[in-house]
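Colleague: Generate coordinates for the sequence data below:
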Amino acid sequence: MAFLDRVPPRFISACRRTGMRHRLRHADQAFLEVTTPDGTMWQLDLLDIGSGGVCFGLREGRPPMEPGMEFERAVVRVSGSAIAGSLAIAHATEEFAAGTICGARFRPATPEDREGLDALIRTLAS
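Modeller: The predicted model follows:
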């Protein structure tokens, strides 16, 4: 216990998404389009999706992303479905073999997009 008395607490960032996540095995059929504030559009590999958010990979750390960043224009595309919304980056973690893996909260843009996300998740769960 004496050791804990000497070590000051520190904040450690982690992904806190709850709920079922659905891993997407076919990256060519599942991706995330993110438009940066300067208008550049990036197509990123979507790794998993759930009602709380998405996980995606960056190639060679591009585009640069940090926790807390927000993107007003994002589109989740899975097997022909397109769901518009916004992203808030929760974490960007360097993985040894996989490159940079990001977790983000995805907020559908409209009630129709929310319905589309819910339908997609139901389809993936079955």
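
Colleague: hang on, isn't residue 76 packed against residue 86?
Modeller: No. Using Cβ atoms under 8 Å, residue 76 makes no contact with residue 86, being 11.2 Å away. (Each C-beta comes from the backbone N, C-alpha and C, glycine too.)

Colleague: Go through this structure and flag its longest helix.
Modeller: Looking across the chain with DSSP state H, the single longest helix is helix 111-125.

Colleague: related to what we said a few turns ago, quick one: common contacting residues for residue 76 and residue 86?
Modeller: Common neighbours of residue 76 and residue 86 are listed as residue 106 (criterion: Cβ atoms under 8 Å, 6 or more residues apart in numbering).

Colleague: sorry, back to before: flag every buried residue along the longest helix of the chain.
Modeller: Using 16 or more other Cβ atoms under 10 Å as the test for burial, helix 111-125 gives 113, 116, 117, 120, 121, 124.

Colleague: And it, how far out from the chain middle?
Modeller: 16 Å (Cα atoms, centre = their mean, to the nearest Å).

Colleague: helices or strands up against that helix?
Modeller: strand 21-23, strand 41-50, strand 70-78, strand 81-95, strand 99-108 (3 or more Cβ pairs under 8 Å, 6 or more residues apart in numbering; DSSP states H and E).

Colleague: at 6 Å instead, please
Modeller: strand 81-95 (3 or more Cβ pairs under 6 Å, 6 or more residues apart in numbering; DSSP states H and E).

Colleague: ok and the longest helix of the chain relative to strand 81-95, angle-wise?
Modeller: 70 degrees (axes from the mean of the first three to the mean of the last three Cα atoms, to 10 degrees).

Colleague: Pull the residues that contact helix 111-125.
Modeller: Identification of contacts with helix 111-125 by Cβ atoms under 6 Å, 6 or more residues apart in numbering yields 22, 51, 78, 81, 83, 84, 85, 108.

Colleague: at 7 Å what do you get?
Modeller: Residues outside helix 111-125 that contact it (Cβ atoms under 7 Å, 6 or more residues apart in numbering): 20, 22, 49, 50, 51, 78, 81, 83, 84, 85, 108.
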